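>>> sequence-free structure coming up:
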């Protein structure tokens, strides 16, 4: 029979209880601070504009605008509902990250990464338990973290060039070019990842897929709200008509304003993020400094039951404070 150290069992119990309580606190904080952005956006889009004139033409224009707003609102709600109900598969995650490998190749790389992490942990610590944890983290955690990082980097590159691409479409439409030819200009003259995505959109049109459906499929591969706006705008224009160049010009301006607002928010929250990083790393730095200057001074903190409770409580409250600061500075538009 495998005998377990009672102190290790107590320490593991403290960490498990702290994790459960932490999950409950995080759920409560998310429900308080995390108001649905999509619901607010839908209400703002669906809000009717006041009528300035009572003439018949003005009333018809207002009715037409209200109809367009309701159409956009319904489409946004449908897209958000489908997005919540749809689970992103691993092949789609690989597409969003821009990796041209198969799912089998990704799993092979994950296993190789896990084995390398386990061997490194076994060499440096000589502990099978730590090596097993390193195997689990290296095989499941690190590859998915890399996927999320590659996805965000690809999204940032796409979003940076999207307003310029929309301006190209606006100039092409105003000069008399069809929408398909304007999209071909983007596929030929833009940089990656816009070049590849719009080239795929042109190829899908040759296979019989409409522009609207192609843009929605592109949004599934990129997953950006701004690209979703573009797809909905083109869909509304194709079904109900209207001045496409003016609508796209306004959309380009909105995307640039959102980008500037996001940059301003990041600049304003940099101080709070730095404070959270310093506060979170300060206990570890103090422990290392005290252990270097006075070896053995902190041994009761790790060898006694009371010390284990103190460590568990300190970690719990420290993580609670970091999560509260994260919710306060995590502003998205």
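Yes, it's here. These numbers were taken from a predicted model, which means no experiment stands behind them. Numbers count the residues shown, from 1 in each chain.
>>> Any stretches of this structure with poor pLDDT?
1-57, 59-86, 241, 331-333 (pLDDT under 70).
>>> contacting residues for the nearest residue to residue 202 once chain neighbours are set aside?
Excluding the flanking residues, the one nearest residue 202 by Cβ to Cβ, 6 or more residues apart in numbering is residue 187, at 5.4 Å. Just so you know, the C-beta spots here come from the backbone N, C-alpha and C atoms, and that holds for glycine as well. Shown in contact with residue 187 (Cβ atoms under 8 Å, 6 or more residues apart in numbering): 195, 198-199, 201-202.
>>> cutoff 7 Å now
Listed by Cβ atoms under 7 Å, 6 or more residues apart in numbering, the contact partners of residue 187 are 195, 198-199, 202.
>>> give me phi/psi at it?
Dihedral pair for residue 187: phi -70, psi -20, per degrees, to the nearest 10.
>>> Can you tell me how far it is from residue 195?
6 Å (Cβ to Cβ, to the nearest Å).
>>> Kindly report the same for residue 329.
Taking Cβ to Cβ, one finds residue 329 at 35 Å from residue 195.
>>> hmm, back to that, secondary structure and distance to residue 131 for the contacts of residue 187 - can I get that in CSV?
Formatted as CSV, those follow (DSSP: H, G, I helix; E, B strand; the rest coil; distance: Cβ to Cβ, whole Å):
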residue, secondary structure, distance to residue 131
195, helix, 44
198, helix, 47
199, helix, 46
202, helix, 51
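>>> which one of those residues is nearest residue 229?
Checking the contacts of residue 187 against residue 229 with Cβ to Cβ, the nearest one is residue 198 at 16.4 Å.
>>> count of neighbours near the closest one?
22 (other Cβ atoms under 10 Å).
>>> residues in contact with it?
183, 186-187, 190.
>>> now do 10 Å
165, 183-190, 214-215, 218 (Cβ atoms under 10 Å, 6 or more residues apart in numbering).
>>> now, which of the residues you listed sits nearest residue 102?
Out of the contacts of residue 198, the member with the shortest distance to residue 102 (by Cβ to Cβ) is residue 218, at 21.3 Å.
>>> Which helix or strand contains the closest one?
When elements are assigned from DSSP states H and E, residue 218 belongs to helix 211-222.
>>> Can you tell me what sits against stretch 92-110?
Here stretch 92-110 has contacts from 86, 88-91, 138-144, 146-155, 157-158, 192-193, 196-197, 220-223, using Cβ under 10 Å, 6+ apart.
>>> Quick check: buried residues in that stretch?
By neighbour count on 16 or more other Cβ atoms under 10 Å, the buried set for stretch 92-110 is 93-99, 106, 110.
>>> List just the nearest of those residues to residue 306.
For those, the nearest to residue 306 is residue 110 (41.1 Å; Cβ to Cβ).
>>> how far is the helix or strand hosting the closest one from where the chain is centred?
Assigning secondary structure by DSSP H and E places residue 110 in helix 103-125. With Cα atoms, centre = their mean, to the nearest Å as the basis, helix 103-125 stands 26 Å off its chain's centre.
>>> sorry, back to before: most neighbours, which of the contacts of residue 187?
Busiest of those [other Cβ under 10 Å] is residue 198, holding 22 neighbours.
>>> Touching, residue 237 and residue 212? I think so.
Yes: Residue 237 is within contact range of residue 212, at 9.3 Å (criterion: Cβ atoms under 10 Å).
>>> What residues sit buried inside the longest helix belonging to the chain?
Using DSSP state H, we find that the single longest helix of the chain is helix 142-174. For helix 142-174, a neighbour-count test (16+ other Cβ under 10 Å) marks 142-143, 147, 150-151, 154-155, 158-159, 161-163, 165-166, 168-170, 172-173 as buried.
>>> chain center to that helix: distance?
Centroid separation for helix 142-174 versus its chain: 13 Å, with Cα atoms, centre = their mean.
>>> which strands and helices sit next to that helix?
Using 3 or more Cβ pairs under 10 Å, 6 or more residues apart in numbering; DSSP states H and E as the contact test, the elements touching helix 142-174 are helix 90-97, helix 103-125, helix 179-189, helix 194-206, helix 211-222, helix 225-240, helix 244-268.
>>> Between those, which one is closest to residue 300.
Among these, helix 103-125 sits nearest to residue 300 (Cβ to Cβ), with 23.5 Å.
>>> next structured bit after that closest one?
helix 128-136.
>>> quick one: buried residues of that following helix?
131, 134-135.
>>> With stretch 236-255 instead?
Residues of stretch 236-255 classed as buried: 236-237, 244-245, 247-249, 251-252, 255 (neighbour count, 16+ other Cβ under 10 Å).
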